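Engineer: Below are the sequence and a predicted model; questions follow.
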Amino acid sequence: MNRREIKQQIYFLLQSHNLDKILNELKQLPDHRVVSLLISFLSCEDQKIKWTAVSVLGEIIARLAKKDIEAVRDIIHRLMWHLNSESGSFGLGVPEALGEILARNDALRKQYLHILISYLRKTENFIEHPLLQQGIIWALGRLGESGENLPPEIILDLKTFLSSPNPTIRGLTIWALGFLPDQSLKNNLNPYLSDSTVITIYLNSQLINLSLSELTKMTLARIR
């Protein structure tokens with residue numbers, strides 16, 4: 001099959017949103033071609049396809065890392081290049097993919113986590129676009145969800161986003177802070193217990209709708 005035919009096949013598979021089926025089918029194709037095409041779906045307007053691509057990409061790269069860690073580092077560098085203003089590209093979906101990849105490999109997480117964090121820091125590689133900020137915050141929450149002990153100093157970085165005018169950024173920040181159990185966060189989070197604004201968030205391999213109030217209760221339950 002040529003590249004166009006493989007991309008069409010992957011698109012139809014992603015539409016099924018069945019991760020086990022997709023991963024099984026993609027075993028028949030070369031990893032490097034699959035990875036390249038999955039990256040192209042990270043910016044898909046269909047959120048289910050985008051997020052399925054994020055999950056599948058994370059799993060395939062975790063598998064590839066066991067065979068060729070240098071090839072995976074090259075992929076990560078290529079993804080990060082898309083977040084560089086000099087690249088000329090927008091990078092939608094890239095932070096989420098990075099979060100999923102780093103959540104699945106300790107060595108890669110230790111090497112690249114500080115770069116992911118730097119995208120939220122105005123003194124470092126700060127990214128201003130709200131959609132990319134959403135992806136970065138989700139990525140940090142995904143790392144916390146995976147059991148990674150996130151550096152406590154990022155609490156200060158994340159807290160600044162609690163006042164964002166974007167409700168999705170606020171909600172994702174509330175969720176991510178739940179993996180940084182710190183009693184001092186309660187005063188910052190209590191005001192959102194009455195916020196009924198609903199956002200869509202990708203949790204446990206599915207898109208779900210939760211209010212900021214519900215996310216706050218989840219976070220407070222973790223830090224008590």
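Structural biologist: Arrived safely, thanks for sending.

Engineer: which residues in this structure form helices?
Structural biologist: In the chain, the helices defined using DSSP state H lie at 3-16, 19-26, 31-40, 47-65, 69-81, 94-103, 106-118, 130-145, 154-159, 167-177, 186-189, 212-223.

Engineer: Any chance of the ones you listed in TSV with mean neighbour count, mean pLDDT and distance to residue 124 as columns?
Structural biologist: C-beta here means a position set from N, CA and C on the backbone, and glycine is covered the same way. As requested, the helices of the chain are exported to TSV (neighbours: other Cβ atoms under 10 Å; pLDDT from 0 to 100; distance: least, Cβ to Cβ, whole Å):
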stretch	mean neighbour count	mean pLDDT	distance to residue 124
helix 3-16	15	92	34
helix 19-26	15	94	34
helix 31-40	18	92	24
helix 47-65	21	96	24
helix 69-81	16	96	13
helix 94-103	26	97	15
helix 106-118	16	95	4
helix 130-145	23	96	12
helix 154-159	17	94	10
helix 167-177	25	97	18
helix 186-189	14	94	23
helix 212-223	18	94	26
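
Engineer: Identify whichever of these lies nearest to residue 206.
Structural biologist: helix 47-65 (8.3 Å; Cβ to Cβ).

Engineer: Phi first, then psi, for residue 125.
Structural biologist: phi -110, psi 40 (degrees, to the nearest 10).

Engineer: Could you pull up the contacting residues of it?
Structural biologist: By Cβ atoms under 8 Å, 6 or more residues apart in numbering, residue 125 lies in contact with 83, 115, 118-119.
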